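Student: Build me a structure from this.
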Amino acid sequence: MDRTNGMLTVFFDEPFWVGVFERTENEKLSVAKVTFGAEPKDSEVFEFILKNYCRLKFSPAVEAETRHTADNPKRRQRNVRKQLDSARGIGTKSQQALKLMQEEMKTERRQITKDQREAEKQRQYDLRQQKRREKHKGH
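Tutor: Numbers count the residues shown, from 1 in each chain. Predicted structure coming up:
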């Protein structure tokens, strides 16, 4: 049975408030990080989720242990309270997923820059060749 869980952790990471969306799907964890700026109200966070969740760019999935909790609402509430009390920020699996995402973005940026540099070199070369041809036409 496929199981998907999601969790949002909002914490203060000097100088901004940051939200980390953790999504666990088929025992794989992927993460997206959002910077809110000023401390967001609950309603603002809820509105952000409704409007922008589909646009979030999640990191590549990493292996994660899934903890199956009972469907006891009191136990679930107790676990939520415990997580809120322990201001632990981002979990280590989340950090790994974010790091992996940063590395992928870095390599993607490098590739784009390299392609742009090559295109500029080719353009300069073509321009020089065109000027040479125009000089020879005059003879």
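
Student: For this structure, which segments count as strands?
Tutor: Applying DSSP state E to the chain gives strands spanning 4-13, 16-25, 28-37, 62-63.

Student: Which elements pack onto the third one?
Tutor: When you say that, I think you mean strand 28-37. When contacts are defined as 3 or more CB pairs under 8 Å, 6 or more residues apart in numbering; DSSP states H and E, strand 28-37 packs onto strand 16-25, helix 42-52, strand 62-63, helix 92-137. Every residue, glycine included, has its C-beta placed from N, CA and C.

Student: Over to the shortest one?
Tutor: Helices and strands touching strand 62-63, as assessed by 3+ CB pairs under 8 Å, 6+ apart, comprise strand 28-37, helix 92-137.

Student: where among the ones you listed is the average confidence lowest?
Tutor: Of all these, mean pLDDT reaches its minimum on strand 28-37 (a mean of 86).
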